[in-house]
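Undergrad: Just a sequence and a predicted model for now, questions to come.
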Amino acid sequence: MWNYSRPVPEYIHLNLQSWERASGGRCGKPVLVNRTNVRQWIPDAPEELFRIPYEAAESDAIRYALIYHNGGVYMDTDFLAIDMTPIIDRIQDHDIITYTAEGQKFQKGQFSSNFLAGRKGSKVMGAIWKSQKEHLQRHCPKDMVPKSGMCCYDDPAVPCSVRWAGLGEGISHPALIKLFQSNGTFKSFIFDGDESFVPTGLVEVLKQKLSIDAALKYWERRSVKQPLSRKLYHLFNSQGFADAYWCYDLTTDNSTVAGALYQRSQVQRAIAAHDGPTSKCANDGGLCKCTGNVFYGRRFACGSNQQTELAAWLVGGYGFIGTLMRKTYAMKTSSTSQRKCGA
């Protein structure tokens, strides 16, 4: 889902391209899931799902259900994929594939929910989804202050009360602990330690735009092994990644860690050059009303009867589930190569 007023940053387009390349074409294209088609993917979605008050919680509420009902991979759009082979190879018989960040212990019910994978009918995803539905269907007292607990009001016009992470790790971690305590059997694979998708200090390395040599010295001082050999990388859009790097930095300059990682992913700039005034056009399936705009590198035949059927293009019979956009926006493009990826 992408439910923001600004266009999708170009580096996210590169990330989506990396998902397809890193999976070897075995998963098809990322799938757009929004409120109009969510029940196609989650048939038992409760009405309360449509009353969740903010985007992050809405994403928290569907990721486990998507895998439980369909199987596949979920990841936030700020993930760059290098090699997904060891993940794809395990999906058919694993209940959960994820990773741990520094300080997390899977056996204590801790994991990073921004990357998840598993088989259709996964015991882990099913247990978490069941608990999420139970929490959504709890009734709030009329005088309850919003966001002070996890429940929904009787009035269907009032958004549910959801604390930050209240529908996410606030439910998924306890549900996993409960599975461990019940001696439930399930198959898991966890990328942790030297295989984690977040090498210790990655945020600092990206913020400082360190060169490869400087970053390796930084990691060596902290005894971090194989920091540039991970299968995927979480790039932390929330920490300003899109504002820190020009697209030139990511696709041409490999002197920084970020540039070197994008070179490893073998992605190429997917956004065509702009041939008219720089402008942004929101396209929600209607006639294209702009000129010279592109989306996912596909130029719209504006002025004709061509419609921007993005949902029809993306939603297919794929098991590869990604977090994309609530609404679809044509990218604001520029003819210059040195352009902010978050512009």
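TA: Nice, thanks for sending it over. Please read these numbers as outputs of a predicted model, since none were measured by experiment.
Undergrad: List the contacts of the closest residue to residue 150 other than its chain neighbours.
TA: Nearest residue to residue 150, sequence neighbours excluded (Cβ to Cβ, 6 or more residues apart in numbering): residue 166, at 4.4 Å. Yep, even glycine has a C-beta here, placed from its N, CA and C like the rest. Counting by Cβ atoms under 8 Å, 6 or more residues apart in numbering, residue 166 touches 57, 135, 149-150.
Undergrad: from these, which would you call buried?
TA: 57, 135, 149-150 (16 or more other Cβ atoms under 10 Å).
Undergrad: and residue 87, what pLDDT?
TA: Looking at residue 87, its pLDDT is 96.
Undergrad: nope, residue 307 is what I was after
TA: Reported pLDDT for residue 307: 35.
Undergrad: ok, back up a step: tell me the two of the contacts of residue 166 that are most distant?
TA: 57 and 149 (13.1 Å; Cβ to Cβ).
Undergrad: about what we covered before: among the buried ones among the contacts of residue 166, which are located in strands?
TA: With DSSP state E as the criterion, strands contain none of the buried ones among the contacts of residue 166.
Undergrad: ok, and what's touching stretch 127-134?
TA: 44, 46, 61, 64-65, 68, 167, 171-172, 174-176, 178-179, 184.
Undergrad: ok, now stretch 223-230?
TA: Applying Cβ under 8 Å, 6+ apart, the set of residues contacting stretch 223-230 is 82, 191, 194-197, 199-202, 212, 215-216, 219, 257, 260-261, 264.
Undergrad: Centre of the chain to it, how far?
TA: How far stretch 223-230 lies from its chain's middle: 23 Å, per Cα atoms, centre = their mean, to the nearest Å.
Undergrad: that older thread, with distance to residue 161 and pLDDT as added columns, please give the contacts of residue 166 in a markdown table.
TA: A markdown table is the format used below for the contacts of residue 166 (distance: Cβ to Cβ, whole Å; pLDDT from 0 to 100):
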| residue | distance to residue 161 | pLDDT |
| --- | --- | --- |
| 57 | 10 | 89 |
| 135 | 10 | 93 |
| 149 | 6 | 86 |
| 150 | 7 | 90 |
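Undergrad: Can you read off the pLDDT for residue 269?
TA: Note for residue 269: predicted pLDDT of 62.
Undergrad: ugh, wrong one, residue 44
TA: Reported pLDDT for residue 44: 96.
Undergrad: and it, which of the three is it?
TA: coil (DSSP: H, G, I helix; E, B strand; the rest coil).
Undergrad: contacting residues around it?
TA: Residues near residue 44 by Cβ under 8 Å, 6+ apart: 65, 69, 133.
Undergrad: Drop anything exposed from the contacts of stretch 223-230.
TA: Buried by 16+ other Cβ under 10 Å: 82, 191, 195-197, 199-202, 215-216, 219, 257, 260-261, 264, out of these.
Undergrad: Which parts of the stretch 151-300 of the chain are strands?
TA: Secondary structure of the stretch 151-300 of the chain (DSSP state E, counting those that start in this stretch): strands at 188-191, 232-234, 294-295, 298-299.
Undergrad: For the longest one, name the packing helices and strands.
TA: Taking 3 or more Cβ pairs under 8 Å, 6 or more residues apart in numbering; DSSP states H and E as the contact definition, the neighbouring helices and strands of strand 188-191 are strand 96-99.
Undergrad: now the strand it packs on: mean pLDDT?
TA: For strand 96-99, the per-residue pLDDT averages 98.
Undergrad: contacts for whatever helix or strand comes next after it?
TA: Next along the chain after strand 96-99, taking DSSP states H and E as the criterion, comes strand 112-118. Counting contacts by Cβ under 8 Å, 6+ apart, the residues outside strand 112-118 that touch it are 60, 63-64, 67-68, 71-76, 79, 87, 90-91, 94-101, 104, 124-125, 168-169, 172, 197-198, 232, 234.
Undergrad: Which of the contacts of residue 44 fall in helices?
TA: Using DSSP state H, 65, 69, 133 are the members of those that sit in helices.
Undergrad: Let me have the residues you listed in CSV, extended by neighbour count, distance to residue 252 and pLDDT.
TA: Below are the ones in helices among the contacts of residue 44 laid out as CSV (neighbours: other Cβ atoms under 10 Å; distance: Cβ to Cβ, whole Å; pLDDT from 0 to 100):
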residue, neighbour count, distance to residue 252, pLDDT
65, 23, 40, 96
69, 21, 41, 97
133, 16, 47, 95
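Undergrad: Same list (those) but as CSV, adding distance to residue 26.
TA: Listed next are the ones in helices among the contacts of residue 44 as CSV, based on distance: Cβ to Cβ, whole Å:
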residue, distance to residue 26
65, 23
69, 20
133, 31
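Undergrad: any idea which of these is closest to residue 40?
TA: Nearest member of the ones in helices among the contacts of residue 44 to residue 40, counting by Cβ to Cβ, is residue 69, at 9.9 Å.
Undergrad: Grab the most central residue of the protein for me.
TA: Most central in the chain under Cα atoms, centre = their mean is residue 76, positioned 1.4 Å from the mean C-alpha point.
Undergrad: so it makes contact with residue 234?
TA: Yes - at 7.3 Å, residue 76 and residue 234 qualify as touching, with contact defined as Cβ atoms under 8 Å.
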